[in-house]
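> Need coordinates for the below:
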Amino acid sequence: MEKITSRSNDLIKYVKKLSASRKARMQEGKFVLEGARLSFDVLNSFYQPDIFLITEKAAEKYKKQFDDMIKIAGSAYLISEEVADKLAETENTQGVFCVCNVPNSNNQLVLNKKYVALDNLQDPSNLGAIIRTAEALGINGAICHNCCDIYNPKALRASMGSILRLPVILSDNLASDIEIAKSKGFSFYAAVPDSNAEDITEIDFSASSVIIIGNEGNGISEPVKAAANKLVTINMLGRAESLNASMAGAIAMWEMLR
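Prediction:
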């Protein structure tokens, strides 16, 4: 197994570029996982590992996962601690990295399932947190429209691997997609901070439902609100006028499932 010790190695520069640049990820159709938990989560996901990099110390510590990864990865390399520090986006690296292929986005909404739709969410930590919560609660998938890159390292870390397991549908025109899905039996509920909207606790979320969470600063876009079946709100007794997007998403998804 080849060992890479140079921080200026071409492969290392390539992986670093993928980690740092959304444009590079889109062009190459690949993204980078860092850390033992995220990297080894690939073993139980629908993603295909292309390049696996690990330090000797980490290979000894995670021997079983190491053996399993080298069986399915396109290529695998040992790396020095110095190279691991070069690749790391976190302060204390575990010395484990995995480059994965972005799958073809052919996920479709399935009737009698429940989804969360994210409209123009721009904070990768919020996006990752919502997807983590969605998987934990049993939501069947997520729709992302004009959002930040779901393969941003911060989004991947915030999701704690959920992005690798929860089906994600990328939408170019959510308002249009809503109209199509409504004709097939889906109902869409736009979560808004508006006292005139219906109380979310009073909504009867039947099967084939989608809750929509909007942008951190501007909320849900007007075309998407217009396309939704209903506007719903989380009534608050305190003086705060709105909630953080990830918190609003968590409450809304809980209400949809209870």
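
> so what's the backbone phi/psi at the closest residue to I178 other than its chain neighbours?
In space, and not counting its chain neighbours, I178 is closest to A227: 4.1 Å by Cβ to Cβ, 6 or more residues apart in numbering. To be clear about C-beta, it is placed using only N, CA and C from the backbone, and glycine gets the same treatment. A227 adopts backbone torsions of phi -80, psi -20, taken as degrees, to the nearest 10.

> My guess is A227 contacts I180. True?
No. Distance between A227 and I180: 10.1 Å, which falls outside the contact criterion (Cβ atoms under 8 Å).

> the more surrounded of the two?
A227 (20 against 11; other Cβ atoms under 10 Å).

> Let me see the contact set for the more buried one.
L174, A175, S176, I178, E179, K182, F188 (Cβ atoms under 8 Å, 6 or more residues apart in numbering).

> before we move on, the earlier item: how close does the residue nearest to I178 sit to G219?
Distance of A227 to G219, given as Cβ to Cβ, to the nearest Å: 15 Å.

> sorry, back to before: show me which of the contacts of A227 is closest to V210.
Distance to V210 across the contacts of A227 (Cβ to Cβ) is lowest for F188, with 4.8 Å.

> what about the closest one, helix or strand, and which?
Using DSSP states H and E, F188 sits within strand 187-191.

> got a list of contacts for that strand?
Outside strand 187-191, the residues that reach it (Cβ under 8 Å, 6+ apart) are 117, 178, 181-182, 200, 203, 205-206, 208-214, 220, 224-225, 227-234, 248-249, 252, 256.

> Could I get the buried residue list for stretch 192-212?
Neighbour-count burial for stretch 192-212 flags V192, A197, I200, I203, F205, S208, S209, V210, I211, I212 (criterion: 16 or more other Cβ atoms under 10 Å).

> Tell me if I'm right that the second one and V232 touch.
Okay, so that is A197. Yes. Counting by Cβ under 8 Å, A197 does reach V232; the two are 5.6 Å apart.

> Looks to me like I70 is in a helix.
Yes. If the criterion is DSSP: H, G, I helix; E, B strand; the rest coil, then I70 is within a helix.

> Specify the beta-bridge partners of the nearest residue to it once chain neighbours are set aside.
Among residues not flanking I70 along the chain, A76 sits closest, at 4.5 Å (Cβ to Cβ, 6+ apart). Beta-bridge pairing of A76 under DSSP bridges involves F52.

> Show the contacting residues for A76.
M1, I51, F52, L53, I54, M69, I70.

> so the closest residue to the fourth one other than its chain neighbours is in which element?
It refers to L53. In this structure, L53 finds its nearest non-sequential neighbour in F97, 4.4 Å apart by Cβ to Cβ, 6+ apart. Mapping F97 onto the secondary structure by DSSP H and E places it in strand 96-101.

> List the contacts of the closest residue to C98 other than its chain neighbours.
Sequence neighbours aside, S39 is the residue nearest to C98 in space, at 4.0 Å (criterion: Cβ to Cβ, 6+ apart). S39 makes contacts with L33, F52, M69, V96, F97, C98, as judged by Cβ under 8 Å, 6+ apart.

> Out of those residues, the closest to A134 would be?
Within the contacts of S39, the smallest distance to A134 is 19.4 Å, found for L33 (Cβ to Cβ).

> three-state assignment of the closest one?
Quick answer, by three-state DSSP: L33 is strand.

> which residues in the protein form strands?
For the chain, the strands defined by DSSP state E cover 3-4, 30-34, 48-55, 75-79, 96-101, 114-119, 141-145, 168-171, 187-191, 198-199, 209-213, 230-233.
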